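Asker: Sequence and predicted structure below; questions after.
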Amino acid sequence: MIRRNLPFAAVAVIVLVVAPLLLEPFRLSLLAKYLCYAIVALGIGLAWGQAGMLTLGQGVFFGLGGYSMAMHLKLTEGGGLPDFMVWSGVEELPALWVPFGDPVLALATAVLGPMLIAAVLGTLVFRQRVRGAYFAILTQALAAAMVILLVGQQGLTGGTNGMTNFFDVFGQDLADDSTQRGLYLVVASVLGVLYLATRQLVNSRYGRLLVAIRDGEDRVRFLGYDPALVKTVTFALSAGMAGLAGALFVPVVGIISPALLGVVPSLELVVAVAVGGRHALAGAVLGAVVMGYAQTAFSEQFADGWLYLQGALFILVMTLAPKGIIGVAERWRRARTT
Amino acid sequence: MLELRDVQVVFDGFRALDGVNLTVPDGELRFLIGPNGAGKTTLIDVITGLTRPVAGSVRFAGHDLVGRKEHQIVRLGVGRTFQTSVVFEELTVIENLDLAAGFRRPLWTLARRRRGVSEAVAEALARTGLEDLAERSAGVLSHGQRQWLEIGMLLAQRPRLLLLDEPVAGMSKDERERTGELLTRIADDHTVVVVEHDMEFLRRHASTVTVLHEGRVLVEGSVDQVSADPRVQEVYLGRKASDAVGHRP
Amino acid sequence: MSAFANQLPIGLSIGAVLLLIALGLTFTFGQMGVINMAHGEFIMAGAYTAFLLGDLVPALPAAFLVAGTMGLILERAAIRHFYGRPLDTLLLTWGVSLVLQQLARDLFGAPNVQVPAPAWLSGGVGILPYNRLFIMGLAVAGVVAVWAYLTRTRLGRRTQAVVQNRRLAATSGIDTGRVDMLTFFVGSGLAGVAGVALTLIGPVGPALGTYYIVDAFLVVVAGGLGQLRGAVLAAAGLGLLNSYAEFWSDASLAKVIVLAAVIAFLQVRPQGMFVLRSRALT
């Protein structure tokens, strides 16, 4: 028990204690951003790595969470209508926006909204035994449709630019370093708790059932389970995680826009999970942080190179190390011990 | 009791089952035989909800099975195996059995880790003789062991009716023998329907046999009655029934 | 009424483009289980071929060859190592797609370019502009060619055999590797032709393919795998639905409506319009 939790405890200490002491505020909030992505990746690791549902639309859920939070932040700043509405000539606060003034409702929408959408989509799709590539394509279409919808509803959503210029969150000044550090700690703790909970789930009977469904969905039916229900629940859980991540992302990074949640960002996160190692939850988290860091590092140096690098890296991982970084590490460790 | 009345199944214009009537009383061990394409597997598919008949009724223990989903039929106490055994290779033997025993648990209690071995799983392990392999992953099992694991999974479900699709296909002589004994013991307290070609196996272990031919029930009776029936002999290409089925590749 | 009628050629020509794109997808997907995310970039390659040549007529065969060769290389170099792992292929080809898009950006610049439409395509008959008619004609020609290939040539019949049962086809002496190569070549080539068609209705940019690829995949989902008639009906349906949904609601809702329609359709026909029936337990 202790032995198994040792790596987790070590990482937790580094992330929660060492990083805030060593990193300058700018770097710390970058790390917070990667950890937000890691929360989404954790959900992908659960849905794809464990249960075999390749979801290419997690950006949608991330975006719903992000927009819910952004709307709340815009409404609590005072000073009347949100800035972008004034620019696009909206004169009265749209009815859709009103509930988001309440922090509890906003947060609940950020998490439960994505879960509800995933549950409806999952029920419709899995019940009809639509799966594998078909499911992937449908979720990708969802991501594409969502972006066009957000861009088109300029007056409601801020269009292409999305929403930015947030000044405070729950009464704390966002420009303040201590707020940023606090946000970082919140994100890291949420990730830690979700990681432990998901790991528990994966190790439980439910986790075994997920693996069985991944490897032989039709056989599972003849064991008396309804795979559609199990998959829908799992998909909804992963969507909820993405939504929560989106809600945390907005105060940390200070912006939400369609470009952050379309087809490409959704795929990028799946890629990150693959690079880290989809079979292990730790791989998903690791992949998100590594890819996030790599993107920042390379885009700072040569902006265009990143796409080449990402593409090439990805092709390499899929060809040479389909189990990702974690897989390579495991192989290396096994080779050393034997 | 399992009761099929005038069951018809059509695949793209081809009549796979053409008005099958079949009654299997509680506690019976029934063998289903017939040449390739007679509709044996289709019959099991219809009972377990994998294939929907265009006409006819399937009743089990007072429930109408037609139109129910596969997992609902399992929950009524009807279990089956497949010709090509499907076990979950990444899970251990015991995890496979535990999964099969677990469908009655509510979904949320599944979120707990498995501790120990439940009664149903222990019993299935003992009956199939897989105790020594309990912690091994199912991927490393031999063909025969996989078949036994599948039968074990079926037992762990605690069904009232078991449908076995060619359980001894591809098995060695010893393995067949062991499977036969296992089946006889299972038949003591379950209703069992076995699809099988192997005549020798049939002679040793069958009591009642139903012969299917071209989607219809041809004859029904004891092994001796059936193999003496001229129609059965004719169906098996005019050769003696015992020869024809005995030499199936 | 006339506005309503005006949407008809728009919808049908979008459907025609989707069909040209989906023809390749439905066969690579149906035959090999490959989801090729780089298919969109073959469209883009075809469009840039037209841009380089500056003339529509020679651009058509040239784009077919360029895109087809790209597909062939992709299949030989990468995809064939991934058969049986459809989801991995999806991600792999997405990596390829990223690289190709960036390559286009470096070669042709990020801003969109315009291919001048030939003079003989300006004008039209009634509500039907010549350029839209031409696109529809291309799609019809594409379908007829694919149909003739599949049913009238030996190689085509072998392709169908592989679609229906790869293992059986292989054991009956069909060189499935060659069939795969050819399917990929033809499918990718058709995407190139679709790219040329797109230059008639809009500008060309490095991300051109990404606008159409998702819809083309939906055509495959709704039409059924490897099914010619399914692809034709689904492409026409989705093209028309796209343009009328934009017309009736607002443009931003159209894609949501289309997706909802596809999901609703799957409630009735979960495996698409046409399916090959099989008894196997997968």
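Answerer: Structure received.

Asker: CA atoms for contacts and neighbours, from now on please.
Answerer: Will do.

Asker: Can you tell me the closest non-neighbouring residue to the residue of chain A found nearest chain C?
Answerer: Nearest to chain C in chain A, going by C-alpha to the nearest C-alpha, is residue A:311, at a distance of 4.1 Å. In space, and not counting its chain neighbours, residue A:311 is closest to residue C:95: 4.1 Å by C-alpha to C-alpha, 6 or more residues apart in numbering or on different chains.

Asker: Report whether stretch A:131-148 contacts chain C.
Answerer: Yes - Stretch A:131-148 lies within reach of chain C by C-alpha under 8 Å from any C-alpha of the partner chain, at A:132-134, A:137-138, A:140-142, A:144-146, A:148.

Asker: residues in contact with that stretch?
Answerer: Here stretch A:131-148 makes contact (C-alpha atoms under 8 Å, 6 or more residues apart in numbering or on different chains) with A:52-60, A:125, A:258-259, A:261-263, A:266, C:35, C:86-87, C:214-215, C:217-218, C:221, C:252-253, C:255-256, C:259.

Asker: filter those residues to the buried ones?
Answerer: A:52-60, A:125, A:258-259, A:261-263, A:266, C:35, C:86-87, C:214-215, C:217-218, C:221, C:252-253, C:255-256, C:259 (16 or more other C-alpha atoms under 10 Å in any protein chain shown).

Asker: so of these, which ones are in helices?
Answerer: A:58-60, A:125, A:263, A:266, C:86-87, C:214-215, C:217-218, C:221, C:252-253, C:255-256, C:259 (DSSP state H).

Asker: The residues you listed also near chain B: which ones?
Answerer: Among those, chain B is touched by none when using C-alpha under 8 Å from any C-alpha.

Asker: burial count for residue A:180?
Answerer: 22 (other C-alpha atoms under 10 Å in any protein chain shown).

Asker: Kindly report the same for the one 5 residues further on.
Answerer: Using other C-alpha under 10 Å, residue A:185 has 18 neighbouring residues.

Asker: Can you name the residues that contact the closest residue to it other than its chain neighbours?
Answerer: Nearest non-adjacent residue to residue A:185, counting by C-alpha to C-alpha, 6+ apart: residue A:16, 6.5 Å away. Applying C-alpha under 8 Å, 6+ apart to residue A:16 gives the contacts A:185, A:188-189.

Asker: Take those and lay them out in TSV including pLDDT, secondary structure and distance to residue A:170.
Answerer: Output for those, formatted as TSV (pLDDT from 0 to 100; DSSP: H, G, I helix; E, B strand; the rest coil; distance: C-alpha to C-alpha, whole Å):
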residue	pLDDT	secondary structure	distance to residue A:170
A:185	95	helix	15
A:188	95	helix	18
A:189	95	helix	18
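
Asker: of all those, which comes closest to residue C:166?
Answerer: Closest approach to residue C:166 among the contacts of residue A:16 (C-alpha to C-alpha): residue A:188, at 49.0 Å.

Asker: Looks like that closest one contacts residue A:15 (just checking).
Answerer: Yes - between residue A:188 and residue A:15 there is a contact at 7.1 Å, judged by C-alpha atoms under 8 Å.

Asker: residue ranges of the strands in the stretch 1-150 of chain C, please?
Answerer: Under the criterion DSSP state E, counting those that start in this stretch, the stretch 1-150 of chain C contains strands at C:124-125, C:128-129.

Asker: and chain A, which of those strands is closest to it?
Answerer: strand C:128-129 (27.5 Å).

Asker: Can you tell me the strand partners of that closest one and which way each runs?
Answerer: Partners of strand C:128-129 in the sheet, by DSSP bridges, are strand C:124-125 (antiparallel).

Asker: which other residues reach the strand it pairs with?
Answerer: Strand C:124-125 has contacts (C-alpha under 8 Å, 6+ apart) with C:130-131.

Asker: how far is it from where the chain is centred?
Answerer: How far strand C:124-125 lies from its chain's middle: 27 Å, per C-alpha atoms, centre = their mean, to the nearest Å.

Asker: on that earlier part again, just to be sure, the residue of chain A closest to chain C is in a helix?
Answerer: Yes - judged by DSSP: H, G, I helix; E, B strand; the rest coil, residue A:311 forms part of a helix.

Asker: Would you check that it makes contact with residue C:96?
Answerer: Yes - if you go by C-alpha under 8 Å, residue A:311 and residue C:96 touch, sitting 6.2 Å apart.

Asker: What residues does chain A have near chain C?
Answerer: Counting by C-alpha under 8 Å from any C-alpha, chain A comes close to chain C at A:54, A:124-125, A:128-130, A:132-134, A:137-138, A:140-142, A:144-146, A:148-153, A:216, A:218, A:271, A:304, A:307-308, A:310-312, A:314-315, A:318.

Asker: Give me the ChimeraX select line for those residues, limited to the buried ones.
Answerer: This is the ChimeraX syntax for the buried subset of those, where burial follows 16+ other C-alpha under 10 Å:
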select /A:54,124,125,128,129,130,133,134,137,138,140,141,142,144,145,146,148,149,150,151,152,153,216,218,271,307,308,310,311,312,314,315,318
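
Asker: Of the residues of chain A next to chain C, which belong to strands?
Answerer: Among these, no residue falls in strands (DSSP state E).

Asker: I'd like the next helix or strand past whichever strand or helix holds residue B:95.
Answerer: In this assignment (DSSP states H and E), residue B:95 forms part of helix B:93-101. The helix or strand immediately downstream of helix B:93-101 is helix B:119-128, counting by DSSP H and E.

Asker: So which bits of that next one are buried?
Answerer: By neighbour count on 16+ other C-alpha under 10 Å, the buried set for helix B:119-128 is B:120-125, B:127-128.

Asker: and which of the residues you listed is nearest residue A:275?
Answerer: Comparing the buried residues of helix B:119-128 against residue A:275 with C-alpha to C-alpha places residue B:121 closest, at 38.2 Å.

Asker: pretty sure that closest one is touching residue B:95, no?
Answerer: No - Residue B:121 sits out of contact with residue B:95 when judged by C-alpha under 8 Å, with a separation of 9.2 Å.

Asker: and the residue positioned nearest the centre of chain A, how far is that from residue A:150?
Answerer: In chain A, the residue lying closest to the centroid (C-alpha atoms, centre = their mean) is residue A:40, at 1.9 Å. Between residue A:40 and residue A:150 the distance is 20 Å, computed by C-alpha to C-alpha, to the nearest Å.

Asker: Give the residue spans of the chain that score low on pLDDT.
Answerer: In the absence of a named chain, chain A is used. When residues are selected by pLDDT under 70, those of chain A lie in A:1-3, A:79, A:303, A:338.

Asker: wait, chain C
Answerer: Using pLDDT under 70, chain C drops low at C:1, C:226, C:274-282.

Asker: So what's the residue count around residue 9?
Answerer: Let's take chain A. 13.

Asker: oops, chain C please
Answerer: Neighbours of residue C:9 (other C-alpha under 10 Å): 20.

Asker: is chain A contacted by stretch B:124-140?
Answerer: No - if you take C-alpha under 8 Å from any C-alpha as the test, stretch B:124-140 misses chain A, and the best it gets is 11.9 Å.

Asker: I'd like the average pLDDT over that stretch.
Answerer: Averaged across stretch B:124-140, the pLDDT comes to 91.

Asker: How about residue C:94: what's its closest non-neighbour residue?
Answerer: Spatial nearest neighbour of residue C:94, excluding adjacent residues (C-alpha to C-alpha, 6+ apart): residue C:37 at 5.1 Å.

Asker: Residue B:186 now?
Answerer: The spatially closest residue to residue B:186, leaving aside those adjacent along the chain, is residue B:192, at 7.9 Å (C-alpha to C-alpha, 6+ apart).
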